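Undergrad: generate a structure from the sequence data that follows.
(2 chains)
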Amino acid sequence: MNRDLIVNLVIFALLVAVALGAHVAGQGFTVTLATKAAILGLAGVGLNLALGYGGLVSFGHAAFFGIGGYVTGIFASHAANGDPILTLPFTLMGSNEMLGIWPMAMLAAALAALLIGALSLRTSGVYFIMVTLAFAQMIYYFAISWPRYGGEDGLSFYVRNSFPGLNTFDPIQYFAICAGLLALALLFTAVVTQSRFGLALQATRQNEQRSTAVGIRATPVRLTAFVLSAMITALAGALYADLNRFVSPSMFSWHMSGEIMVFVILGGVGRLCGPVAGAAVFILLEHLLGPVSDHWQALLGLMLLAIVLFAPGGLIGLTLKALRRTEHG
Amino acid sequence: MSAFLELDGVTASYGTVQALFGVSLRLDEGRVLALMGRNGMGKTTTIRCISRLLPHKGGTIRFRSSNLAGLNAPRVARLGIGLVPEGRRCFAPLTVAENLTVAARPGPWDIPRVVRLFPRLGERMGQVSRTLSGGEQQMLAIGRALMTNPKLLVLDEATEGLAPVVRQEIWEGVRRLKAEGLSILVVDKSLKELASVADSAVVLERGQTVWTGGLEDLTPEMADRWLGV
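TA: Numbers count the residues shown, from 1 in each chain, chains lettered A, B, ... in the order given. As a prediction, the model looks like this:
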């Protein structure tokens, strides 16, 4: 087994071990923290596909996170009230089945990403960052000013959606769902990035001109990656909505986009489990330092600065380097 | 008979600076044409026009009787022009096998055949390409172009800055490709090595074709004037 695979497995195993350990010790709150790490890690895994492998610095992934969340909230609230979401052009009823909601959340995000990507991928660099940010902010302000679903106050639904055969209210069972989806997303990313499509994506990041000279059309490759990336992040948004049984416009805010980006950079850009490690460390810091000071993010900022300056491979890059050093004496 | 690749009076500019003032050349199928000239005379610019990395302004470029004007770079690569860019530009973070796979198009060229041409690549398949030696990177760049199953291979300064032994290995590979009937457009500075493989030559000076003919007809005076050798 190669070192990368071992590090990835260890990170995932640690997350599961923390949740199981907390469950056995009867600490439901810690299980929920681990669930949150799994969900935010999943959002980061989505962004990593675009940012890490494709070099597409999207500062608007909160849009997809929020779309996933709102689709969940809207379906759940309509299911509770029993009124249809749409009557024209077809009748669409609410639902409280996760297996029905997830595809809808991912589909909605895919459509949004297709539109946002088709326009923003005409630009690159700083302009790409700004255009993606602008789209996310548009959706943010739209959510604030849309009274139908709570506007600024957000939308609560009191019952967590259900999953066949499981009790989703039990923290450890909900963790199992989230960790299972995270594992699937990681597997999907591993397969996709090793496929010819994934290699082409990495080639366009490395050098667009060089890749066109071997016959790769950069824009369709990037757009596909952007859409897949959005769908994964939307799934995380759907899980996050169910975790809190509440969605609010803050899911669309640029803080959220920034946080997802922080998970990726902290853990390691373009590393399979980087965003998971990043999200876990983020949650850990928030939990440990949050009660000490409201300004705990200042420390996070310093950490991020140190990573960017001295360890561009993130926490995973640092770990791999340390492992190599011990192996070679 | 219409030519395999034909450039007629091609002009091109970088912004407001004109670089090509009328490049004409003709390459027949299965032949090897050397594109020569001193630094800055327009060799690489000509190649960039052929592979559509730079749109030309005037004149015509025809490849297998289709006009390349208006086509983009990926389209031309799929039409069968395999570019080996100057400075052995591999996809640095990808492994040798990944560099080859990413370019693959259906046809007779596959990874085993590339390895038969450059056996050294076979020993390096899992290695990240930025850690290869210069010569190995050049072999990989040629192999990557071959994986697109080109009908025309374009080599830009394929042996520049390489050790003599490695150069010989690469020239040997090019001769084998020629023997297999591949059409090749080659830019290089080494007259002696070009003479061993090229059927004819075109000399550029200040963005214009100034001479066309067989390499054996190039007199020492001409070589001195145009190539500075």
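Undergrad: tally of neighbours for residue A:147?
TA: 9 (other CB atoms under 10 Å in any protein chain shown). Any C-beta I mention is one placed from the backbone N, CA and C, and that applies to glycine too.
Undergrad: and if you look at residue A:139?
TA: 21.
Undergrad: so what's it up against?
TA: A:63, A:66-67, A:112, A:252 (CB atoms under 8 Å, 6 or more residues apart in numbering or on different chains).
Undergrad: which strand or helix spans it?
TA: For residue A:139, the host element (DSSP states H and E) is helix A:126-144.
Undergrad: low-confidence regions, chain A specifically.
TA: Low-confidence segments of chain A (pLDDT under 70): A:1, A:329.
Undergrad: what parts of it come near chain B?
TA: Contact residues, chain A versus chain B (CB under 8 Å from any CB of the partner chain): A:196, A:199-200, A:202-203, A:206-207, A:209-218.
Undergrad: filter the residues you listed down to the ones in strands?
TA: Among the residues of chain A next to chain B, none falls in strands (DSSP state E).
Undergrad: I'd like to know which of those residues are buried.
TA: A:199-200, A:202-203, A:206, A:210-218 (16 or more other CB atoms under 10 Å in any protein chain shown).
Undergrad: so the closest residue in space to residue A:49 that isn't next to it in sequence versus residue B:87, what's the distance?
TA: The spatially closest residue to residue A:49, leaving aside those adjacent along the chain, is residue A:229, at 4.2 Å (CB to CB, 6 or more residues apart in numbering or on different chains). From residue A:229 across to residue B:87, the span is 32 Å (CB to CB, to the nearest Å).
Undergrad: where exactly do the strands run in chain A?
TA: A:155-156, A:246-247.
Undergrad: any weak-confidence spans in chain B?
TA: For chain B, the ranges with pLDDT under 70 are B:1, B:88, B:229.
Undergrad: let's see it at 80
TA: B:1-2, B:88, B:228-229 (pLDDT under 80).
Undergrad: and it, which of its residues are near chain A?
TA: Within reach of chain A by CB under 8 Å from any CB, chain B has these residues: B:51, B:53, B:72-74, B:77-78, B:82-83, B:85, B:89, B:91-94, B:98, B:101-105, B:144-145, B:147-148.
Undergrad: strands - which of those residues land there?
TA: B:82-83.
Undergrad: which of the residues of chain B next to chain A are buried?
TA: B:51, B:53, B:73-74, B:77-78, B:82-83, B:85, B:89, B:91, B:94, B:98, B:101-104, B:144-145, B:147-148.
Undergrad: tell me the contacts of residue A:190?
TA: residue A:272.
Undergrad: which residues touch stretch A:302-313?
TA: Residues contacting stretch A:302-313 (CB under 8 Å, 6+ apart): A:262, A:265-266, A:268-269, A:271, A:285, A:314-315, A:317-318, A:320-321.
Undergrad: where exactly do the helices run in the chain?
TA: Let's take chain A. In chain A, the segments counted as helices under DSSP state H are A:3-24, A:28-48, A:62-81, A:98-120, A:126-144, A:171-194, A:196-206, A:208-213, A:218-244, A:254-267, A:274-289, A:296-310, A:314-327.
Undergrad: wrong one, I was asking about chain B
TA: Going by DSSP H, chain B shows helices at B:43-50, B:73-79, B:96-103, B:111-117, B:119-122, B:134-147, B:164-179, B:191-195, B:220-222.
Undergrad: want to throw these into a markdown table with distance to residue B:59?
TA: Shown next, in a markdown table, are those (distance: least, CB to CB, whole Å):
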| stretch | distance to residue B:59 |
| --- | --- |
| helix B:43-50 | 9 |
| helix B:73-79 | 16 |
| helix B:96-103 | 29 |
| helix B:111-117 | 34 |
| helix B:119-122 | 38 |
| helix B:134-147 | 25 |
| helix B:164-179 | 28 |
| helix B:191-195 | 25 |
| helix B:220-222 | 24 |
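Undergrad: residues of the helix holding residue A:139 that come out buried?
TA: Quick answer for helix A:126-144 (16+ other CB under 10 Å): A:128-129, A:131-133, A:135-137, A:139-140, A:143-144.
Undergrad: over to stretch A:274-292?
TA: Going by 16+ other CB under 10 Å, stretch A:274-292 has these buried residues: A:274-283, A:285, A:289.
Undergrad: any chance of those residues in TSV, plus distance to residue A:29?
TA: Formatted as TSV, the buried residues of stretch A:274-292 follow (distance: CB to CB, whole Å):
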residue	distance to residue A:29
A:274	26
A:275	23
A:276	20
A:277	22
A:278	22
A:279	17
A:280	16
A:281	18
A:282	17
A:283	12
A:285	17
A:289	17
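Undergrad: now flag whichever of those residues is closest to chain B.
TA: Within the buried residues of stretch A:274-292, the smallest distance to chain B is 14.9 Å, found for residue A:274 (CB to the nearest CB).
Undergrad: ok, that closest one to residue A:262 distance?
TA: From residue A:274 to residue A:262 the distance is 11 Å (CB to CB).
Undergrad: residue A:58 too?
TA: 14 Å.
Undergrad: settle it for me: which of those two has more neighbours?
TA: Per other CB under 10 Å, whichever of residue A:58 and residue A:262 has more neighbours is residue A:58, with 31 against 23.
Undergrad: wait, that one touches residue A:222, no?
TA: No: when contacts are counted by CB atoms under 8 Å, residue A:58 is not listed as touching residue A:222 (10.8 Å).
Undergrad: considering only the stretch 1-150 of chain A, name the residue that lies closest to chain B.
TA: Going by CB to the nearest CB, chain B is nearest to residue A:2 of the stretch 1-150 of chain A, at 9.7 Å.
Undergrad: for residue B:90, see how far away that residue is.
TA: Relative to residue B:90, and taking CB to CB, residue A:2 is found at 21 Å.
Undergrad: higher neighbour count, those two?
TA: residue B:90 (26 against 8).
Undergrad: can you tell me which residues contact the closest residue to the more buried one other than its chain neighbours?
TA: Ranked by CB to CB, 6+ apart and with sequence neighbours excluded, the top spatial neighbour of residue B:90 is residue B:129, at 4.1 Å. Residue B:129 makes contact with B:90-96, B:99, B:137, B:140, according to CB under 8 Å, 6+ apart.
Undergrad: closest to chain A among those residues?
TA: For the contacts of residue B:129, the nearest to chain A is residue B:91 (4.8 Å; CB to the nearest CB).
Undergrad: doesn't residue A:203 make contact with the closest one?
TA: Yes: counting by CB under 8 Å, residue B:91 touches residue A:203, with 4.8 Å between them.
Undergrad: out of everything not next to it in sequence, what's closest to residue A:77?
TA: residue A:157 (5.0 Å).
Undergrad: mind listing what the one you found touches?
TA: By CB under 8 Å, 6+ apart, the contact set of residue A:157 is A:73, A:76-77, A:80, A:245-246.
Undergrad: just the buried residues of those.
TA: A:73, A:76-77, A:245-246.
Undergrad: what distance do you get for residue A:162 to chain B?
TA: 43 Å (CB to the nearest CB, to the nearest Å).
Undergrad: neighbours around that residue, how many?
TA: Residue A:162: 16 surrounding residues under other CB under 10 Å.
Undergrad: looking at strand pairing, list the partners for it.
TA: residue A:97 (DSSP bridges).
Undergrad: list the contacts for it?
TA: Taking CB under 8 Å, 6+ apart as the test, what residue A:162 contacts is A:96-98, A:168.
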